[in-house]
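*Asks:* just to be clear, the model below is a prediction. Sequence and coordinates:
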Amino acid sequence: MPDPIVQPGQTVRAGPINTLVQPHVQALATAFAVPSGAGTYTACAFASTLSGNHTGMWTAGQPTRLIAPAAGVYLIHGGITWPGALGTADARGEIRIGGASTPAPGTRVGSQRGSAGNMQVTASGSVQLAAGGYIELYLNTQSASAITAVVTLGITRISAT
């Protein structure tokens, strides 16, 4: 995409500039409670956005979803900070597309077996989404009690096809 040319004294409003930037959003959950149980995967509900240029990509009405406003290939990126309360139990996160019951290929991340917690895992990759398609992050732990994780997840369109 070519750089826009601005003439001296010209006023450039935010709307036209935002149309030059691909749709993106980064959501944040500062204290998401992950229920205990080896077979229990729970969709992470985000509390707010860290950044974004398209208001429809995350809403409080559907707090688990990051929604593609237009069809295309999207970069997915995020991180999970597991707490010290995890102890030596395992924990996992996986990104699912459009309500699927299984993770998208290559999107599962986990804690190191036997770790003491207080560690972060990150994930990135690309997925193709239709307009209105969405991704969700599911978390799981084998801890004997619920734990609280700090989570970010984002999508950025990198191609229209």
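*Replies:* Now that the structure is in, tell me what you want to look at. Residues are numbered from 1 along each chain as shown.
*Asks:* from here on, contacts and neighbour counts on C-alpha atoms
*Replies:* Will do.
*Asks:* so where's the chain shaky on pLDDT?
*Replies:* 1-6, 14-21, 113-115, 117 (pLDDT under 70).
*Asks:* list of residues touching the longest strand along the chain?
*Replies:* Ranked by residue count, the top strand of the chain under DSSP state E comes out as strand 147-159. Under the contact criterion Cα atoms under 8 Å, 6 or more residues apart in numbering, strand 147-159 has outside partners 22-36, 66, 72-83, 85-86, 137, 141.
*Asks:* just the buried ones from those residues?
*Replies:* 22-29, 32-36, 66, 72-83, 85-86, 137, 141 (16 or more other Cα atoms under 10 Å).
*Asks:* where along the chain do the strands fall?
*Replies:* Using DSSP E, the strands of the chain run over residues 24-34, 37-43, 48-52, 66-67, 72-82, 91-97, 108-110, 119-129, 134-141, 147-159.
*Asks:* output the longest one as PDB - backbone C-alpha positions only.
*Replies:* Which is strand 147-159. Only the C-alpha atoms of strand 147-159 are listed here, as PDB (Å, rounded to 0.1, in the frame of the first residue of the first chain):
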ATOM      1  CA  ILE A 147      -6.400 -20.300  38.800                       C
ATOM      2  CA  THR A 148      -6.300 -16.800  37.500                       C
ATOM      3  CA  ALA A 149      -4.400 -16.000  34.300                       C
ATOM      4  CA  VAL A 150      -3.500 -12.800  32.600                       C
ATOM      5  CA  VAL A 151      -4.200 -13.100  28.900                       C
ATOM      6  CA  THR A 152      -3.900 -11.000  25.700                       C
ATOM      7  CA  LEU A 153      -5.200 -12.100  22.200                       C
ATOM      8  CA  GLY A 154      -5.200 -10.100  19.000                       C
ATOM      9  CA  ILE A 155      -5.900 -10.400  15.300                       C
ATOM     10  CA  THR A 156      -4.600  -8.200  12.500                       C
ATOM     11  CA  ARG A 157      -5.700  -8.600   8.800                       C
ATOM     12  CA  ILE A 158      -2.600  -9.100   6.700                       C
ATOM     13  CA  SER A 159      -4.200  -9.900   3.400                       C
END
